[in-house]
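Asker: Pasting the sequence and the predicted model now:
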Amino acid sequence: MNSEAAPAGAPAFRYAAVTFDCADPAEMARFYGGLLGLPVVYSSDHFVLLGREGAPGLGFNRLADYRRPTWPDPAQEKQAHIELGVDDLDDAQAHLVANGAVAPEFQPSPDRWRVLLDPAGHPFCISTMV
């Protein structure tokens, strides 16, 4: 990581948000907002942004022809995923599934981390190592 200041005259950049494409932004905002305790800071028919004042956000953008990732099948690859730290893998997984996540049968390293799918099919991981 480069900790040097930007050269004089260079624009300053800061991490603002990650946005996921999906078919239903409101459904995704309910899922992740409840999971992470983040309120909606902006909402329209096509976009919802979760966040807090002065902190990076999480956005969801409606895509008319959205295609769910098919992980672990590479037919429709995942483009990105979120890593979430938890205290107990089993408790966290049970909570997430009860709130709309899906636990795929294939788990690459279930004793270290679990891969789950959010309501739009995006894979995300839970781990006690984070």
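Answerer: Alright, I've got the coordinates. Residues are numbered from 1 along each chain as shown.
Asker: leaving aside the residues next to it on the chain, what's closest to the most centrally placed residue in the chain?
Answerer: For the chain, Ile82 is the residue whose C-alpha lies nearest the centre (Cα atoms, centre = their mean; 4.4 Å). Excluding the flanking residues, the one nearest Ile82 by Cβ to Cβ, 6 or more residues apart in numbering is Phe124, at 4.4 Å. From N, CA and C alone the C-beta is placed, and that goes for glycine too.
Asker: doesn't that neighbour fall inside a strand?
Answerer: Yes - membership of Phe124 in a strand is supported by DSSP: H, G, I helix; E, B strand; the rest coil.
Asker: my read: it touches Leu84, true?
Answerer: Yes - Phe124 lies in contact with Leu84 (Cβ atoms under 8 Å); the separation is 6.6 Å.
Asker: Can you show me the strands along this protein?
Answerer: Assigned by DSSP state E, the strands in the chain fall at 17-22, 40-43, 47-50, 57-62, 83-85, 113-117, 123-127.
Asker: Name the nearest residue to Tyr66, sequence neighbours excluded.
Answerer: Ala23 is the one closest to Tyr66 (Cβ to Cβ, 6+ apart), at 4.5 Å.
Asker: which phi and psi does that neighbour have?
Answerer: Here is the backbone geometry of Ala23 (degrees, to the nearest 10): phi -90, psi -30.
Asker: List the contacts of it.
Answerer: Arg62, Leu63, Tyr66, Ala120 (Cβ atoms under 8 Å, 6 or more residues apart in numbering).
Asker: Perfect, that will be all.
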